[in-house]
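Enquirer: got a sequence here, can you build the structure:
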Amino acid sequence: MQAVLNILNSAGAHLEYDLVEIGEQVYRGGISTGISNEAWDLIRKNRILLKAPVTTPQGGGYKSINVTLRKSLGLFANIRPCKAYSPFVYSNFPKTDLVVIRENEEDLYGGIEYRQTRQMTQVLKLVSRPGSERIIQYAFEYARAYDRSRVTCMTKDNIMKMTDGLFHRVFDEIAGQYPEIQSDHQIIDIGMARVADQPEDLDVVVTMNLYGDILSDVAAQVAGSVGLAGSANIGSHAAMFEAIHGSAPDIAGQGIANPSGLLQAAVQMLVHLGYAQNAETIHNAWLCTLEDGIHTGDIFNRAYSCMRVGTQAFSEEVIARLGQSPKHLAPVKFYGGGIHVEPRPTPPANKTLVGVDVFIDWSEGQRNPQIIGQRMQSLSGNGLSLGMISNRGTKVYPDGLPETFCTDHWRCRFNAETERVTFHEVLDLLARIDSAGFEVIKTEHLYTFDGERGYSLGQGE
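Expert: A predicted model of the protein is given here:
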């Protein structure tokens, strides 16, 4: 951290710092979050955190301090550049220069899970329009700020047409507002394969939480420069900048750690704050240092390294090259306006209740779905009629196939007999199902929005 601060100060970045201690020593002092109230107050006041690698103690139920910071501060965007600096740092894909921008709060990482029957568990995948809008808008603003030419969206909307489909639709809407930036969409499985085999063909990738978590690790491994990369976590009210790599307590205080990851995070921080010129000066000086073979031990190699240096000596070499531009590696150019994401109003929609999915825990008829189908059919009436029954998403009644494997978890879809259904009619249906001896474990209301179906069909429906 001190090495990075020396570089920032030498480059004329006029920043003032409040130093806070977080992590292992704070945990050991009896504060279960690893962050004292005083530290929280300073972080929330300043809204910008340049965080050195910190250690979460193993065992004892300690929660990750990184996750605590991201969730508590509402840091919705995770930005991870993955770049190869070949030939000075070895990489199998020397032209790799991509950035993964990952939604950081929604999707399956909401952590809402249930065990509903003896055989079935469930996790909720949450994707909102506002959440999708701000991460996608951030991706295009990032591309503009960092002089990038293309943004690629990756989803699995050929299967998850409602959740991933929403993310893709929002991407197309927002892409139209940035005609100077190219845009395209790829299905996540082929997109992931291309990152692993053709990373040089991608520029900025924006995607959802789970996909982005996996994708960013693959990209970092492919680039071969995990120790040189910084990352940013951006929210509406705060931002945190950190190295991709974690802490290394075994070498702490020895003056041998590579400060490059944290330095790249600091460069991202400067761009975020609108200090693009300072960011360019520092980044280009750092590239010159790599080109000149001034390397810390973790990247030292016989072919391109001329001098092995420690932490502070490396920072001094970067400072000595401030104002210079690299000759072999491409110099950087940043946009001076900073990165800003404006909230967008959600368009109004006429919402109509048109049915209900009733989930049943029932193991008696796993070999014969016709039994539960006929019994549920007899419970239709008073505004709701059985439309179909599915098991693990596949329709098994009516006209199901005997080969379809079934568990004890059944979805019974009841549709409105007229244009809409009332909540009291849904309650009346649930009472009839309960009286018939079935265990209702969950319900999902079926809505249309401006006449458009707001729920997916079952496989085979």
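
Enquirer: so where do the helices sit in the stretch 151-300 of the chain?
Expert: 163-175, 188-197, 209-223, 260-273, 276-291 (DSSP state H, counting those that start in this stretch).

Enquirer: what's the most buried one of those?
Expert: helix 260-273 (a mean of 24; mean count of other CB atoms under 10 Å). Yep, even glycine has a C-beta here, placed from its N, CA and C like the rest.

Enquirer: show me the shaky parts of the stretch 151-300 of the chain.
Expert: The model of the stretch 151-300 of the chain has pLDDT under 70 over residues 225, 246-256.

Enquirer: whoops, the stretch 351-461 of the chain was the one
Expert: Filtered on pLDDT under 70, the stretch 351-461 of the chain yields the residue ranges 365-367.

Enquirer: that one: strands as residue ranges?
Expert: With DSSP state E, counting those that start in this stretch as the criterion, the stretch 351-461 of the chain has strands at 351-361, 384-391, 394-397, 409-416, 439-449, 452-453.

Enquirer: now for the first one, which elements pack on it?
Expert: Identification of packing neighbours for strand 351-361 by 3 or more CB pairs under 8 Å, 6 or more residues apart in numbering; DSSP states H and E yields strand 384-391, strand 409-416, helix 423-435, strand 439-449.

Enquirer: roughly how far apart are the closest residue to residue 95 other than its chain neighbours and residue 303?
Expert: Spatially, and ignoring its direct neighbours in sequence, residue 95 is nearest to residue 200 (3.8 Å; CB to CB, 6 or more residues apart in numbering). Residue 200 sits 21 Å away from residue 303, going by CB to CB, to the nearest Å.

Enquirer: same deal with residue 355?
Expert: Distance from residue 355 to residue 303, counting by CB to CB: 67 Å.

Enquirer: what residue of this structure is the furthest out?
Expert: Residue farthest from the centre of the chain, counting by CA atoms, centre = their mean, is residue 378 at 45.9 Å.

Enquirer: in contact with that one, which residues?
Expert: By CB atoms under 8 Å, 6 or more residues apart in numbering, the contact set of residue 378 is empty.

Enquirer: hang on, the earlier thing: and residue 200 and residue 303? Which one has more around it.
Expert: residue 200 (14 against 8; other CB atoms under 10 Å).

Enquirer: before we move on, the earlier item: of all the strands of the stretch 351-461 of the chain, which one comes closest to residue 276?
Expert: Among those, the nearest to residue 276 by CB to CB is strand 439-449 (41.8 Å).

Enquirer: buried residues in that closest one?
Expert: If you call a residue buried by 16 or more other CB atoms under 10 Å, then strand 439-449 has these buried ones: 441, 443, 446-448.

Enquirer: distance to residue 335 added to the strands of the stretch 351-461 of the chain, as a markdown table?
Expert: Compiled in a markdown table, these are given as follows (distance: least, CB to CB, whole Å):
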| stretch | distance to residue 335 |
| --- | --- |
| strand 351-361 | 40 |
| strand 384-391 | 50 |
| strand 394-397 | 49 |
| strand 409-416 | 49 |
| strand 439-449 | 37 |
| strand 452-453 | 38 |
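
Enquirer: quick one: closest of these to residue 286.
Expert: strand 439-449 (50.1 Å).

Enquirer: alpha carbons of that closest one, as PDB, please.
Expert: Taking C-alpha atoms only, strand 439-449 is exported to PDB below (Å, rounded to 0.1, in the frame of the first residue of the first chain):
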ATOM      1  CA  GLU A 439     -49.300 -30.800   1.100                       C
ATOM      2  CA  VAL A 440     -48.900 -27.400  -0.500                       C
ATOM      3  CA  ILE A 441     -45.200 -26.300  -0.200                       C
ATOM      4  CA  LYS A 442     -45.200 -23.200  -2.400                       C
ATOM      5  CA  THR A 443     -47.300 -21.100  -4.700                       C
ATOM      6  CA  GLU A 444     -46.300 -18.700  -7.600                       C
ATOM      7  CA  HIS A 445     -48.900 -16.300  -9.000                       C
ATOM      8  CA  LEU A 446     -49.100 -16.100 -12.800                       C
ATOM      9  CA  TYR A 447     -49.300 -12.600 -14.200                       C
ATOM     10  CA  THR A 448     -49.500 -10.900 -17.500                       C
ATOM     11  CA  PHE A 449     -47.900  -7.400 -18.000                       C
END
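
Enquirer: and the angle from that strand to helix 423-435?
Expert: With axes from the mean of the first three to the mean of the last three CA atoms, to 10 degrees defining the directions, strand 439-449 sits at 160 degrees from helix 423-435.

Enquirer: just the strands in the stretch 51-200 of the chain please.
Expert: Under DSSP E, counting those that start in this stretch, the stretch 51-200 of the chain gives strands at 77-83, 97-103, 113-115, 121-123, 150-155, 182-187.

Enquirer: partner strands of the third one, parallel or antiparallel?
Expert: Note on strand 113-115: by DSSP bridges, its sheet partners are strand 121-123 (antiparallel).

Enquirer: out of the helices and strands packed on strand 351-361, nearest to residue 165?
Expert: strand 439-449 (13.5 Å).

Enquirer: neighbouring strands - and their directions - for the closest one?
Expert: The pairing partners recorded for strand 439-449 under DSSP bridges are strand 351-361 (antiparallel), strand 452-453 (antiparallel).

Enquirer: most neighbours per residue, which of those strands?
Expert: strand 351-361 (a mean of 19).

Enquirer: what residues does it touch?
Expert: So strand 351-361 is contacted by 116-118, 372, 384, 387, 408-416, 419-423, 426, 429-430, 433, 438-449, 451, 454-455 (CB under 8 Å, 6+ apart).

Enquirer: Produce a ChimeraX select command limited to the buried residues of the residues you listed.
Expert: Of the contacts of strand 351-361, the buried ones can be selected in ChimeraX as follows, counting by 16+ other CB under 10 Å:
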select :116,117,372,384,387,408,409,410,411,412,413,414,415,416,421,426,429,430,433,438,441,443,446,447,448
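
Enquirer: give the buried residues for stretch 234-246.
Expert: The neighbour-count check on stretch 234-246 (16+ other CB under 10 Å) flags 234-235, 238-245 as buried.
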